[in-house]
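> sequence? don't have it. structure:
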């Protein structure tokens, strides 16, 4: 990945992230930006719960995290990813406490389509969900 | 699919759906339940927006709709689907107004894993997103 | 899907299909072409077996069938689909005898990316596998 | 992944791999087995070509490689993975010469479902395709 534009600064990427009202509702905070990947966190909030007995977060919220973490991993690297073409998520364990930590990595930067993966961890660093998005350039 | 238990009544399925705080936040309403599939609607709300220029809903919200529509299509038919194993979503057009309409259909009811698909339409009945979930029984 | 180019004739689509040596190896035959979808068949051959105890076909062969059935469903409709961007397959039952029947349908024809789904049935018309491809235009 | 059974020896895993006639047809050879992952190679053969102009391998063959590499990565680690539940493949570049190199890694070993990923490289070590399988235990 030599020749890529410089990695965006954290403050600049946080600004881009905050443009989306849904991201603000999720309370996302970028923790680190580097060529190796992106890390962001999402605090817990009561409205994201799906199963009140387990107190587990809704799979759709984890899917949203994977989608946006993949996209912003690409944007961080200067890739002109515009929109998600498709998204695939594997659920590994219930997410029952926050903050959730999402880590994104690039799989392939292409001319028409780029692919990035993201993994979501709980506060104990256990893998809760993981997946990939393909993003139109 | 002969021999399946009777289709759950709409009011009963709505009760099950409303157990999840995230579903309440999304404002989901079941419109119809039958052997042919499930239809539910989600009103628009400002917090779901991702792109404020387009006014487009976040892909993660559409992913949540596909996930839960697939799951409740199985539950409607008496299938003991417990949790989403994995989810796949294709994005076709930006979702810019509501209410969104989600329609679910069963692909396969299995002993260990069942698969259902869901399609999301805008108020003009255009296909916005579609996909599938695999659910652990 | 009004305004689509005329559906390709079966003989012409068979010619296109036969260009690929792998398709010839699989022995694919187009059975029907229409606006409603594509149907093709694949005979059984011993080399496709994965599990010799069950006599079951390899999942990768079924994945190939889903991939190509989706692509040729788009080509049949005059869509300029060039290559598979990504593929997703659900396995429902072991495929233990042939011929296998694959049926394809369009989900969405887009400018950059089109999506089609395919389902594979056994000689008894039971659903063995199903899935989707996204194809670059 | 502490407490996992010892990694299977290469010769033993090759024996398991060779049980499948389709694997023999593909000519698969296990190159290395370790806790870090599995590597296997597939020689080129004329029958796998899809696009004779480019001389590119069929996407279905790459899908088969990803499927089986994920499964044997789990088997190598003593996981009782029985069958592929579902498979997802991203295509990054045409595969035009061999041998192809497939590398598998575990994402999550679960009680009902395990997930592994695989990446396929050309002789020049460029990433050609990548993806994941979910396998029923």
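Okay, I see it. Because the structure is predicted, anything quoted here is derived from the model rather than measured.
> Next one: the spatially closest residue to residue A:51 that is not a sequence neighbour from residue C:103, what distance?
Distances taken as CB to CB, 6 or more residues apart in numbering or on different chains place residue B:20 nearest to residue A:51, at 7.0 Å, with adjacent residues excluded. For glycine as for every other residue, the C-beta is placed from the backbone atoms N, C-alpha and C. According to CB to CB, to the nearest Å, residue B:20 stands 36 Å off from residue C:103.
> repeat for residue A:77
Residue A:77 is 41 Å from residue C:103, by CB to CB.
> Please apply the same query to residue A:54.
Remark: distance between residue A:54 and residue C:103 (CB to CB) = 39 Å.
> So between the two, which is more surrounded?
Applying other CB atoms under 10 Å in any protein chain shown to residue A:54 and residue C:103 shows that residue C:103 carries more neighbours, namely 20 against 12.
> Got the confidence number for the more buried one?
If you check residue C:103, the pLDDT there is 98.
> same thing with residue A:52?
pLDDT, residue A:52: 92.
> How about residue A:100, nearest residue that isn't a chain neighbour?
residue A:42 (4.7 Å).
> The one you found and residue A:24 touch, don't they?
No. Counting by CB atoms under 8 Å, residue A:24 is not a contact partner of residue A:42; they are 11.5 Å apart.
> Sticking with the residue nearest the centre of chain A, tell me its helix or strand.
Chain A has residue A:69 as the residue nearest its centroid, 1.8 Å off, counting by CA atoms, centre = their mean. Residue A:69 belongs to helix A:59-76 when elements are defined using DSSP states H and E.
> now the angle from that helix to helix B:59-76?
Calculated by axes from the mean of the first three to the mean of the last three CA atoms, to 10 degrees, helix A:59-76 forms an angle of 160 degrees with helix B:59-76.
> anything in helix A:59-76 near chain D?
No. Legend: contact between helix A:59-76 and chain D by CB under 8 Å from any CB of the partner chain is lacking; minimum distance shown is 11.8 Å.
> strands paired with the next helix or strand after that helix, and their directions?
Counting by DSSP H and E, the next helix or strand C-terminal to helix A:59-76 is strand A:83-91. Using DSSP bridges, the strands paired with strand A:83-91 in its sheet are strand A:127-136 (antiparallel), strand B:83-91 (antiparallel).
> Make CSV out of those and add mean pLDDT.
Formatted as CSV, the strands paired with strand A:83-91 follow (pLDDT from 0 to 100):
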stretch, mean pLDDT
strand A:127-136, 98
strand B:83-91, 98
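> Nearest to residue B:64, out of these?
strand B:83-91 (9.2 Å; CB to CB).
> Look at stretch A:91-109 and report the distance between its end residues.
Taking CA to CA, to the nearest Å, the first and last residues of stretch A:91-109 lie 25 Å apart.
> how about the residues of chain A that lie near chain C?
Residues of chain A lying close to chain C by CB under 8 Å from any CB are A:85-86, A:88, A:112-113, A:134, A:136.
> change it to 6 Å
A:85-86, A:112-113, A:134, A:136 (CB under 6 Å from any CB of the partner chain).
> Buried only: go through these for me.
By neighbour count, with 16 or more other CB atoms under 10 Å in any protein chain shown, these hold A:85-86, A:113, A:134, A:136 as buried.
> got those as CSV, with distance to residue D:38 columns?
Shown next, in CSV, are those (distance: CB to CB, whole Å):
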residue, distance to residue D:38
A:85, 30
A:86, 27
A:113, 27
A:134, 25
A:136, 33
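> How about residue A:37: what's its closest non-neighbour residue?
Nearest to residue A:37 is residue A:105, by CB to CB, 6+ apart, at 4.4 Å.
> So in that sheet, which strands flank the helix or strand harbouring the one you found, and in what orientation?
Using DSSP H and E, residue A:105 sits in strand A:100-108. When pairs are called by DSSP bridges, strand A:100-108 turns out to pair with strand A:37-42 (antiparallel), strand A:113-121 (antiparallel).
> Could you tell me which residues make contact with residue A:41?
Counting by CB atoms under 6 Å, 6 or more residues apart in numbering or on different chains, residue A:41 makes contact with A:29, A:31, A:99, A:101.
> And for the nearest residue to it once chain neighbours are set aside, the neighbour number?
Closest residue to residue A:41 apart from its sequence neighbours, by CB to CB, 6+ apart: residue A:99 at 4.6 Å. Counted by other CB under 10 Å, the residues lying close to residue A:99 total 16.
> next one: residue A:12
Residue A:12 has 13 neighbouring residues, counting by other CB under 10 Å.
> quick one, phi psi at it?
phi -70, psi -40 (degrees, to the nearest 10).
> before we move on, back to that, can you pull the buried residues of the helix holding residue A:69?
Neighbour count says helix A:59-76 has A:59-76 buried, by 16+ other CB under 10 Å.
> Stretch A:25-34 too?
A:25-26, A:28, A:30, A:33.
> For residue A:97, which three-state class applies?
With DSSP: H, G, I helix; E, B strand; the rest coil as the basis, residue A:97 sits in coil.
> Pull up the gap between it and chain D, please.
Counting by CB to the nearest CB, to the nearest Å, the separation of residue A:97 from chain D is 19 Å.
> Check residue A:30 too.
For residue A:30, the distance to chain D equals 24 Å [CB to the nearest CB].
> Contacts only, for that residue.
Counting by CB under 6 Å, 6+ apart, residue A:30 touches A:10, A:13-14, A:40.
> what separates the helix or strand containing it from the chain centre, distance-wise?
Assigned by DSSP H and E, residue A:30 belongs to strand A:29-34. Put simply, strand A:29-34 sits 11 Å off its chain's centre (CA atoms, centre = their mean, to the nearest Å).
> And for stretch A:124-134?
Taking the mean of its C-alpha atoms, stretch A:124-134 sits 9 Å from the chain's own mean (CA atoms, centre = their mean).
> Need the residues that contact it.
So stretch A:124-134 is contacted by A:62, A:66-67, A:70, A:84-93, A:95, A:113, A:115, A:117, A:119-122, C:86, D:107 (CB under 6 Å, 6+ apart).
> wait, residue A:109 sits on residue A:79?
Yes. Counting by CB atoms under 6 Å, residue A:109 touches residue A:79, with 5.4 Å between them.
> burial count for the residue nearest to residue A:100?
Residue A:42, neighbours per other CB under 10 Å, totals 25.
> Check the gap between it and residue A:123 for me.
Residue A:42 sits 11 Å away from residue A:123, going by CB to CB.
> Over to residue A:10?
Distance from residue A:10 to residue A:123, by CB to CB: 21 Å.
> Please identify which of those two sits among more neighbours.
Neighbour count, other CB under 10 Å: between residue A:10 and residue A:123, residue A:10 has more, with 17 against 14.
> do you know how far that one is from chain B?
For residue A:10, the distance to chain B equals 21 Å [CB to the nearest CB].
> now swap in residue A:61 and tell me
7 Å.
> try residue A:110
17 Å.
> tell me the secondary structure for that residue?
With three-state DSSP as the criterion, residue A:110 reads coil.
> can you pull the pLDDT of residue A:3?
Residue A:3 is given a pLDDT of 50.
> Show me which of the residues of chain A next to chain C is closest to chain D.
residue A:134 (6.4 Å; CB to the nearest CB).
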